[in-house]
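>>> Here's my sequence, what's the structure:
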Amino acid sequence: MTKIGVFFGTTTGKTEGIADLIVDELDGLAVVCKDISKTQLEELTQYDVLILGCPTWDIGQLQSDWGAIYDDLDKLDFSGKKVAYFGTGDQYGYADNFMDAIGILEEKISSRGGQTIGYWSTEGYEFNQSRAVRNGKFVGLAIDEDNQPEKTEERVKRWTAQLKQELGL
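Purely as a prediction, here's the structure:
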């Protein structure tokens, strides 16, 4: 059975809430969900699939728990790992760096061999630029609980169904 690890950083609880929704949608699969601040870095290598959640904080920065371990990610080999990303942010208040955090993580982890899955359409969002956009799509699920909370549940359902299909589960 495919082992899936969901790891998130959270300051206000929003990203943890999204992680919980994702885990609920992956019911029946071998899924472990952990706060990255309470995780030994090497645990990331124990899973076939990683689903990593990080809010964009301040002006296009990683949330502090991810920021604290960011440089240490260079010590890990993500070769053979399929990695999906999800993030929370404010597309109107921070239109020039919406979802930058998942883009920053994706750049690092893909440079260490991780294979990105779960690209997500930019349609339905209003922002100027983002480090998380590759070839016209976000590198993962973009959630804006500040401005579009009514879309969160449906987006999570559609994205997790997409992940299951991409993974053949």
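>>> From now on I want contacts and neighbour counts done on CA atoms only, so please keep to that.
Will do.
>>> Tell me which other helices or strands whichever strand or helix holds Thr160 touches.
Using DSSP states H and E, Thr160 maps to helix 152-167. Packing partners of helix 152-167 (3 or more C-alpha pairs under 8 Å, 6 or more residues apart in numbering; DSSP states H and E): helix 14-25, strand 141-143.
>>> next SSE after the helix or strand bottoming out on mean pLDDT in the chain?
The helix or strand of the chain with the poorest confidence is strand 56-57; it has a mean of 91 (mean pLDDT, DSSP states H and E). Downstream of strand 56-57, the first helix or strand assigned by DSSP H and E is strand 61-62.
>>> what about the strands in the protein?
Applying DSSP state E to the chain gives strands spanning 3-8, 30-35, 49-53, 56-57, 61-62, 82-88, 115-116, 120-121, 133-134, 137-138, 141-143.
>>> Can I get those strands in JSON lines including mean neighbour count and distance to Gly168?
JSON lines is the format used below for the strands of the chain (neighbours: other C-alpha atoms under 10 Å; distance: least, C-alpha to C-alpha, whole Å):
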{"stretch": "strand 3-8", "mean neighbour count": "22", "distance to Gly168": "13"}
{"stretch": "strand 30-35", "mean neighbour count": "16", "distance to Gly168": "14"}
{"stretch": "strand 49-53", "mean neighbour count": "25", "distance to Gly168": "12"}
{"stretch": "strand 56-57", "mean neighbour count": "22", "distance to Gly168": "30"}
{"stretch": "strand 61-62", "mean neighbour count": "20", "distance to Gly168": "31"}
{"stretch": "strand 82-88", "mean neighbour count": "26", "distance to Gly168": "12"}
{"stretch": "strand 115-116", "mean neighbour count": "18", "distance to Gly168": "15"}
{"stretch": "strand 120-121", "mean neighbour count": "18", "distance to Gly168": "18"}
{"stretch": "strand 133-134", "mean neighbour count": "16", "distance to Gly168": "23"}
{"stretch": "strand 137-138", "mean neighbour count": "20", "distance to Gly168": "21"}
{"stretch": "strand 141-143", "mean neighbour count": "26", "distance to Gly168": "19"}
